[in-house]
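K.L.:
When you get a sec, could you give me coordinates for this:
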Amino acid sequence: MKGFRWITVLIACGGLLSAGCGKKASETTAQTEEGAEDGGVSFKEGGGLVLNPDVIRALGLKTAEVEERPLSAEVRLLAQAFATTPQILASASVSESEAAWFEKQGFTGAKLIRLDRTSFAATRRVDAIFAVDRSPAPKVGEFIELSLAETPRPALTVPRSAILDAATGTFVYVVNGENYLRAPVKINAYSGDFVEITDGLYAGDVVVTTPVNQLWLAELRLTKGGGHSH
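P.N.:
Numbering: from 1, shown residues only. Predicted coordinates:
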């Protein structure tokens, strides 16, 4: 995480990201756009974030092009064994997008028994229960690594670091001229450092790969006062 560097940028921006507290969204937009030259960060409704070159350099902002590549979807999970007879069963905490992939795809490495979403509302995580073929059998309570993979196939991909998993959905920041617009996407599979995108992007689009979480923080502060209730 590069949170400390982002805090430095916020200080350099003269407190711009806290200017929106206590104001309506339209008022916040107007104020931040007027202060963009001084603070270096603003938000345009329908256009997204605007960062001046100094802020971009300070953040170490990086981008990548959306492209099609052979994808051998794979997921590595740390699972905890909770039963050893009559079969080895292990549970892993996964994101909703990973859980959706498990439901759709056939894979090797372990067999999915069920997905438990009982605590999803509170934790935003899903418990995935797997049957594991492993010798020697792990002890109950022991953590084991699972490597799940499917056959390679062509897929539209972005780097994994470009993905923002927020409470309201899964997003990327698309570069549109000088703007950085948060766009919803649908994910089908993960493979190493890449993620398959099935909706929301086209080949040739350019997305931010770092620092995605800091851009989300900036957008929240400029549009909603950092999550405060007013």
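
K.L.:
From here on, just use CA atoms for contacts and neighbour counts.
P.N.:
OK.

K.L.:
leaving aside the residues next to it on the chain, what's closest to the spatially most central residue of the chain?
P.N.:
With distances taken as CA atoms, centre = their mean, L164 lies nearest the centre of the chain, 2.5 Å away. Spatially, and ignoring its direct neighbours in sequence, L164 is nearest to F171 (5.0 Å; CA to CA, 6 or more residues apart in numbering).

K.L.:
Can you say which helix or strand has the one you found in it?
P.N.:
In the assignment (DSSP states H and E), F171 maps to strand 169-176.

K.L.:
and the helix or strand that comes right after that strand, what does it pack onto?
P.N.:
Taking DSSP H and E as the definition, the helix or strand that follows strand 169-176 towards the C-terminus is strand 179-184. Packing partners of strand 179-184 (3 or more CA pairs under 8 Å, 6 or more residues apart in numbering; DSSP states H and E): strand 48-51, strand 169-176.

K.L.:
what sits up against strand 179-184?
P.N.:
46-51, 169-175, 200 (CA atoms under 8 Å, 6 or more residues apart in numbering).

K.L.:
partner strands of it, parallel or antiparallel?
P.N.:
When sheet partners are counted by DSSP bridges, strand 179-184 sits next to strand 48-51 (antiparallel), strand 169-176 (antiparallel).

K.L.:
in the lengthiest helix in the chain, what's buried?
P.N.:
Within the chain, and with DSSP state H defining each element, the longest helix by residue count is helix 212-224. Within helix 212-224, the residues that qualify as buried are V212, N213, Q214, L215, W216, A218, E219, L220, R221, L222, T223, K224, counting by 16 or more other CA atoms under 10 Å.

K.L.:
now those as CSV including distance to E67?
P.N.:
What follows is those, written out as CSV (distance: CA to CA, whole Å):
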residue, distance to E67
V212, 19
N213, 22
Q214, 24
L215, 23
W216, 24
A218, 27
E219, 27
L220, 29
R221, 32
L222, 31
T223, 31
K224, 33
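
K.L.:
From those, pick the one nearest S91.
P.N.:
Checking the buried residues of helix 212-224 against S91 with CA to CA, the nearest one is N213 at 28.0 Å.

K.L.:
I'd guessed the closest one sits against L164; true?
P.N.:
Yes: counting by CA atoms under 8 Å, N213 does reach L164; the two are 6.9 Å apart.

K.L.:
Other residues contacting stretch 104-116?
P.N.:
99, 102, 126-133, 146-150.

K.L.:
Can you name the two of those that sit furthest apart?
P.N.:
V126 and D133 (22.2 Å).

K.L.:
Among those two, which residue is more densely surrounded?
P.N.:
Taking other CA atoms under 10 Å, V126 and D133 do not tie; V126 has more neighbours (23 against 13).

K.L.:
does S93 sit in a helix, a strand or a coil?
P.N.:
Classification of S93 by DSSP: H, G, I helix; E, B strand; the rest coil places it in strand.

K.L.:
Wait, a helix at L146?
P.N.:
No: counting by three-state DSSP, L146 falls outside a helix, being strand.

K.L.:
That one - how many residues pack around it?
P.N.:
For L146, the tally of surrounding residues (other CA under 10 Å) stands at 18.

K.L.:
roughly how far apart are the nearest residue to it once chain neighbours are set aside and E96?
P.N.:
Spatial nearest neighbour of L146, excluding adjacent residues (CA to CA, 6+ apart): L77 at 5.0 Å. Using CA to CA, to the nearest Å, L77 is found at 14 Å from E96.
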